[in-house]
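Asker: quick check, what structure comes out for this input:
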Amino acid sequence: MTTALLIIDVQQALCAGEYECFEIARVIDTINDLSARARKAGIPVVLIQHEESEGAFAHNAAGWQLAEELATSPQDWRVRKTTGDSFYQTNLQKLLPKEDFERLVICGLQTDYCVNATVRQALNLGYDVVLAADAHSTVDNGNLAAEDIIAEHNKDLAHLTGSVARIDVKPAADIRF
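Answerer: Got it, this is the predicted structure:
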């Protein structure tokens with residue numbers, strides 16, 4: 001079974017300032033450990049960046065850039081997206097054809113938006129998904145604290161299954177490549 005690691009939207013605009021995600025330094029450290037283990041095992045790492053036509057996420061704007069603390073490699077693959085779903089109108093499915101990739105390990109930002117949409121779409125497309133329970137984050141939404149949003153998504157996504165694929169939610173340290 002071939003695996004890929006997806007790192008979603010770990011961008012400057014979500015790592016500092018007004019939209020800084022919950023426990024972002026710890027989350028980035030966890031993602032860096034996960035990606036180092038993936039690279040060592042020869043697993044492709046895909047860096048996904050959200051972009052909009054203007055504002056903090058405009059292509060090449062300071063907020064669009066990957067977080068300075070995020071460890072990357074020149075061998076990492078890159079995907080630009082304009083919606084929450086990392087597959088929608090992107091080259092992600094061409095990079096990770098179902099014939100070659102059966103399992104996607106997913107982490108990043110924001111839990112209740114792009115991470116949630118990508119996990120669900122990956123399941124719909126027939127990929128087995130492993131969500132790194134402690135390697136995704138978000139912000140408070142006015143009704144729930146970020147910590148509660150993360151916990152709810154970990155619980156809810158762990159109960160989803162498809163006819164040909166499944167979602168496992170586990171701590172990053174327990175994920176094997």
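Asker: next, give phi and psi for Gln121.
Answerer: As for Gln121, its main-chain torsions (degrees, to the nearest 10) stand at phi -70, psi -40.
Asker: that one touches Asp85, doesn't it?
Answerer: Yes - the criterion here is Cβ atoms under 8 Å, and Gln121 meets it with Asp85 at 4.8 Å. From N, CA and C alone the C-beta is placed, and that goes for glycine too.
Asker: got the contact list for Ile24?
Answerer: 14-16, 67, 137 (Cβ atoms under 8 Å, 6 or more residues apart in numbering).
Asker: same thing but at 7 Å, please
Answerer: Applying Cβ atoms under 7 Å, 6 or more residues apart in numbering, one finds that Ile24 lies in contact with 15, 137.
Asker: quick one: pLDDT of it?
Answerer: On the pLDDT scale, Ile24 is placed at 98.
Asker: now do the one 5 residues further on
Answerer: Looking at Asp29, its pLDDT stands at 98.
Asker: confirm that it sits in a strand.
Answerer: No - Asp29: not assigned to a strand; according to DSSP: H, G, I helix; E, B strand; the rest coil it is helix.
Asker: tally of neighbours for it?
Answerer: 15 (other Cβ atoms under 10 Å).
Asker: kindly report the same for Ala135.
Answerer: Look at Ala135: counted by other Cβ under 10 Å, it has 28 neighbours.
Asker: if we ignore the residues flanking it in sequence, what's nearest it?
Answerer: Closest residue in space to Ala135, ignoring its immediate chain neighbours: Cys107 at 3.6 Å, by Cβ to Cβ, 6 or more residues apart in numbering.
Asker: specify the beta-bridge partners of the one you found.
Answerer: Cys107 has these beta-bridge partners by DSSP bridges: Ile7.
Asker: is it in contact with Ala4, as I believe?
Answerer: No - with contacts counted by Cβ atoms under 7 Å, Cys107 stays clear of Ala4, the gap being 11.9 Å.
Asker: how close does the closest residue to Ile28 other than its chain neighbours get to Ile43?
Answerer: Residue nearest to Ile28 in three dimensions, not counting chain neighbours: Glu69, with 4.9 Å by Cβ to Cβ, 6+ apart. Per Cβ to Cβ, to the nearest Å, Glu69 is found 21 Å from Ile43.
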